[in-house]
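Asks: Sequence first, predicted coordinates after that:
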Amino acid sequence: MRLAFTFLSCVLATSAFANGADKVPLADLADRAVQQSRLTLPGGKAFHLKAIIAETTDPKSDFHANVEEYWVSPTKWRRIIESPNFSQTLMVNGDSVSEKDTGDYFPFWLKELVTAMFDPLPMLDALKKVNSQLPKPQGSANSTTCADFPARVDRWVICFEGDHGLLSSVFTKGYAVELKEYKSFGDKRVARRIVTNPEPGTTIEAHITELTEITQPDDQAFVVQEVTPPAERIVSLRIDEDTFRKLVLGSTEIDWPPTGGGPATGGCAVYASADRKGVVREVWPEGCDSTGLEDPLREAVKKWRLKPAISNGVPVQVEALLGFTFHTNVENSHPLPELSDAEARTLATSSVEPVFPPGSGGKGTEFAVQISVDETGKLAGVGNPHGLPNPVFMAINGAVSKWHFKPYVKDGKPQYFHANLVFRMQ
């Protein structure tokens, strides 16, 4: 999910080629970026916003929604979200809150994009405590400066674009978006297109189609007729892995299936989200040393049932990053087809070449990854068996996640396959 993250001309703060550049505190850059672009800060212009969310890789999928917001201040606003399986009308007026939901689960993918529209850097308070510096952003909007550092049990990668220092992308476990097509709104510059890649082969975008100032707010439009009790509101909390596992009813051991290739032992990770009743509703891939095990792991975790999580006396949705160590058998007697770079590229109906970070290597340097593609031609995973540096692998992964394939047909039947893709520095 979160590794499908594009690095365009990215300059890492820890890289040698950054030496000698003017350094500025990450906390200052992050705060400046938010002050420039976040619509919902105190003192901001009242606004009316409309947005459309859709999966660009499959417009017919259920990953689509409409979002509309009327905002006067942080304590007076109304938001309407409509999607196939969940809708919400949320009204806030001071301490009074009205929430009307259709559906009992706020999908993670939808919540992520809605968050990014109104609070593009939700971890800002935590970033202000980070003692890190990076080169001062400079150049055009096509150049970016990135901070890449561990935070808690995660990695955070935050990129700023050009002289403006606006947010270009934010990557962490549980929140990863690209912010594009900034346009002015009053004294702000607001990203009108927000992109996330929750899994290989799936790209979901939010487009802000309307953003206008409300010059004369109608107070009657924000009157809360009936307050919704906290127990009836949907709240989502991110928790740590140990807490999530302790909520699971039964075993959390995975019965790993044999594979047709790849290592017999290694690591995998997923990001899981459960509803207020403890039913796991979404499981997104976070990388695996054996790409063929990503789907079986996701299906296994989807079957988990949790005790309902309680916060402040009421049930809440919970989500967590989960890590696993796999031990399996490699069935070489019936291996999955493993295609060469050339063979895989002949099946690709669309492809995107990566743009490598400066300093990745000299002209002609080769980087190889392993991909897995299912029977329908959908990318199922991208592996890093050769231990490429994170910035290089993530640049490749961000590009390959946008590839599409024809099904690989053998003996008259579509087959799941692995392939080795090779990319060269130009």
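Replies: That came through, no problem.

Asks: Settle this for me: His418 is touching Val369, isn't it.
Replies: No: taking contacts as Cβ atoms under 8 Å, His418 lies outside contact range of Val369: 10.9 Å. For glycine as for every other residue, the C-beta is placed from the backbone atoms N, C-alpha and C.

Asks: where do the helices sit along the chain?
Replies: Secondary structure of the chain (DSSP state H): helices located at 26-37, 108-118, 124-127, 241-247, 294-302, 341-347, 390-400.

Asks: helices and strands around the first one, which ones?
Replies: Under the contact definition 3 or more Cβ pairs under 8 Å, 6 or more residues apart in numbering; DSSP states H and E, helix 26-37 sits against helix 124-127, strand 133-135, strand 154-161, strand 166-172, strand 188-199.

Asks: can you list the weak-confidence ranges in the stretch 51-200 of the chain?
Replies: Residue ranges of the stretch 51-200 of the chain with pLDDT under 70: 137-143, 148-155.

Asks: Can you tell me how far the spatially closest residue to Trp109 that is not a sequence neighbour is from Cys288?
Replies: Excluding the flanking residues, the one nearest Trp109 by Cβ to Cβ, 6 or more residues apart in numbering is Pro198, at 5.4 Å. Distance of Pro198 to Cys288, computed by Cβ to Cβ, to the nearest Å: 15 Å.

Asks: Repeat that for Phe118.
Replies: With Cβ to Cβ as the criterion, Phe118 and Cys288 are 33 Å apart.

Asks: Between these two, which has more neighbouring residues?
Replies: Legend: neighbour count by other Cβ atoms under 10 Å for Phe118 and Cys288, higher for Cys288 (26 against 16).

Asks: what is the residue nearest the centre of the chain paired to in the beta sheet?
Replies: In the chain, the centroid-proximal residue (Cα atoms, centre = their mean) is Ala176; its distance is 3.2 Å. Under DSSP bridges, the beta-bridge partners of Ala176 are Phe171.

Asks: is it true that it touches Ile158?
Replies: No: with contact defined as Cβ under 8 Å, Ala176 does not reach Ile158; the gap is 10.7 Å.

Asks: which strand is the longest one in the chain?
Replies: As assigned by DSSP state E, the longest strand anywhere in the chain is strand 314-327.

Asks: And that one, how far out from the chain middle?
Replies: 16 Å (Cα atoms, centre = their mean, to the nearest Å).

Asks: tell me the angle it makes with helix 108-118.
Replies: 110 degrees (axes from the mean of the first three to the mean of the last three Cα atoms, to 10 degrees).

Asks: low pLDDT regions in the stretch 301-426 of the chain?
Replies: Residues of the stretch 301-426 of the chain that meet the cut-off, pLDDT under 70, sit at 332-334.

Asks: Relative to Phe106, how far out is Lys302?
Replies: 18 Å.

Asks: For those two, indicate the residue with more neighbours.
Replies: For Lys302 versus Phe106, the count of surrounding residues by other Cβ under 10 Å is larger for Phe106: 21 against 14.

Asks: so who does the more buried one touch?
Replies: Phe86, Gln88, Ile234, Ser236, Gln317 (Cβ atoms under 8 Å, 6 or more residues apart in numbering).

Asks: returning to that earlier point: how much space separates the residue nearest to the centre of the chain from Asn397?
Replies: Taken as Cβ to Cβ, the span from Ala176 to Asn397 is 12 Å.
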